[in-house]
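Student: just a sequence and a predicted model for now, questions to come.
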Amino acid sequence: MVRDDLYITVPSLFRCPISLDVMKSPVSLSTGVTYDRASIQRWLDNGNNTCPATMQVLQTKDFVPNRTLQRLIQIWSESVHRHPVDSPESSPQPVLTKDQVAELIHRADRDSASSAFDSLSKIVSFARESDENRKFLAGAGVFVPMLVEFLGNAGDGGSRGVDFLELVVRALDMIRTEIEDMDKVSSSMLKMDRDCLRSLVLVLQQGSVESRIGAARVLESIAMDAESKLIIAEKDGLLPGLLKLISPEKDPNLIEAGLSCLIAISKPRRVKVKLVQLGAVKSLAKSLSEPSLGVSITEKVLKLLETASSVKEGWSEIGGDANCVARIVQRLLKVSSAATEHAVTVLWSVCYLYRDRAAQEAVAKANGVTKILLLMQSNCSPSVRQMSADLLKIFRLSSKSFISCYDTKTTHIMPF
C-alpha cells in the first residue's frame, strides 16, 4: 500500500506499473501483467516487444480489458469520494484559488524541471475543472508565453522530456479556444529560433492517446495561413506522425483529431503532393473499408481525399486504385450531405475533370451510375447536382447501357 499526492491510501494493485497512477482502463498482456491502456499502448507504439514488468518477450502484442480490476477500482474510487475520512491524511486536496494558481504559474516559470512539472500538473488539474478556469489561464498574461517557451526549449528530450511536454500540450489544448490572439501564439511557436514543432512531433510519436490528440489540435490551431501551414507540414516527421494517427485501428477521437489537423494544413499544393507521396490515399482508402466508420470521420476522410484529388499525383493515385474508387461510390448515399458532396467532388475530379479511364470503369463496376442517378433525384445542393450531371455525360458517352439499366419509374429518393 502506498500513498498518492492526495494523501489517500491507494492499493498498489490499482496502480499502473509504468505510470504508477491509478489505472483508468486496465488491460492485461499475454504475460498476465496488467497496465493502464494508455501507458502500455505508448510502450508498444515505441517499438518495444517485451512486458515492461517481467521483460519477457511478448508472443503477441494484443491485450484484453481487465473488467474485474476495472470494476474494483471503480468501487474503490466511489467509496473514497462518498466516505471521506476526516483525518488530515485522508482529506481531499483543497480546490486551488486563482491567486494560488497565479503563484504556481510564476513558480513553474522560474523553478527547476522537477518543480515546474509539479506546478504544471496542478495547473492542468485546475484547468480541467471548468470553462471559467480555462478562461482565467488563457488570460493570465505570462501563462501562454511560458507554455510556448517550454515547448521551444524542451524538444531536446533532456530533463524536460516527453512527460513534461505532454503536460504542456495538454495545457495548451485545454485553453486554445479561449486564447484571444491565436495569431500571435502561432507566430511565436513557429519562430525559427524555437523548436516547438519538434516538441510536438515528439508528443505525436511517443505521447499517450490524450496527448497526441492534444498535439494534433494545437497544430491545427496554429495553422493560421498558407505560410504557417507550409512550415508545419515541412517539419521532419510531422506529416508521417499525423498519418499514423488515422489508422482505422486507432482510437476514434485520435483519428478525428489527426484528420482535422491534416485537412487544416493540406491546402498548399506542396503539402497535398507530399501527403500523396507518403501514402495518404492508401491510408484513407483503408479507413473507408471499415463498415462501422462514424459519420464525422467518414466526412473528414472524404474531405481529405477531395483535397488529394485536386493535384495530379492525387487523382492519379485515386484513379489507379479501383478499391478506393468503389469505396467512395459506396459512401455516396446514406451518410450525410457533407459526405456526399466530398465523394461526388472526388469522382467529378478524377472521372470528369481529369478523364481517368480506369476510375470511370471502377465507378461503373461499383454501380456508381445508378447511385448518381438516384442522387440527381434527391434534395441535393446545386453544386452536387451539377457535378452529377457532368458525370452522367461522361458515362453516357462511354456506354449508353449504363443509363438504360436504370429504372426510370423511380421519381424521388431521399438518400439521407
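Tutor: Structure's in. What do you need? Residues are numbered from 1 along each chain as shown.

Student: any weak-confidence spans in the stretch 101-250 of the chain?
Tutor: For the stretch 101-250 of the chain, the stretches with pLDDT under 70 are 111-115, 154-160, 193.

Student: need the helices for it, in chain order.
Tutor: 113-129, 131-139, 143-154, 162-175, 182-189, 196-206, 209-222, 226-233, 238-245 (DSSP state H, counting those that start in this stretch).

Student: can I get the ones you listed in JSON lines including mean neighbour count and distance to Lys272?
Tutor: (Glycine included, C-beta is placed from N, CA and C.) Output for the helices of the stretch 101-250 of the chain, formatted as JSON lines (neighbours: other C-beta atoms under 10 Å; distance: least, C-beta to C-beta, whole Å):
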{"stretch": "helix 113-129", "mean neighbour count": "17", "distance to Lys272": "36"}
{"stretch": "helix 131-139", "mean neighbour count": "17", "distance to Lys272": "33"}
{"stretch": "helix 143-154", "mean neighbour count": "21", "distance to Lys272": "27"}
{"stretch": "helix 162-175", "mean neighbour count": "23", "distance to Lys272": "26"}
{"stretch": "helix 182-189", "mean neighbour count": "17", "distance to Lys272": "21"}
{"stretch": "helix 196-206", "mean neighbour count": "23", "distance to Lys272": "20"}
{"stretch": "helix 209-222", "mean neighbour count": "24", "distance to Lys272": "17"}
{"stretch": "helix 226-233", "mean neighbour count": "18", "distance to Lys272": "10"}
{"stretch": "helix 238-245", "mean neighbour count": "21", "distance to Lys272": "11"}
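
Student: distance to Ala285 added to these, as CSV?
Tutor: CSV is the format used below for the helices of the stretch 101-250 of the chain (distance: least, C-beta to C-beta, whole Å):
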stretch, distance to Ala285
helix 113-129, 38
helix 131-139, 38
helix 143-154, 34
helix 162-175, 30
helix 182-189, 32
helix 196-206, 23
helix 209-222, 21
helix 226-233, 21
helix 238-245, 13
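
Student: select, out of these, the one closest to Asp321.
Tutor: helix 238-245 (16.6 Å; C-beta to C-beta).

Student: pull the CA atoms of the helix or strand that comes right after the closest one into CSV?
Tutor: Per DSSP states H and E, the first helix or strand lying C-terminal to helix 238-245 is helix 252-265. Output of helix 252-265 as CSV, limited to C-alpha atoms (Å, rounded to 0.1, in the frame of the first residue of the first chain):
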residue,chain,number,x,y,z
PRO,A,252,-11.8,7.3,-32.9
ASN,A,253,-11.0,10.6,-31.1
LEU,A,254,-7.4,10.2,-32.2
ILE,A,255,-8.3,9.5,-35.8
GLU,A,256,-10.6,12.5,-35.9
ALA,A,257,-8.0,14.9,-34.4
GLY,A,258,-5.4,13.6,-36.9
LEU,A,259,-7.8,14.1,-39.9
SER,A,260,-8.8,17.6,-38.8
CYS,A,261,-5.2,18.6,-38.5
LEU,A,262,-4.3,17.2,-41.9
ILE,A,263,-7.2,18.9,-43.5
ALA,A,264,-6.2,22.2,-41.9
ILE,A,265,-2.6,22.1,-43.1
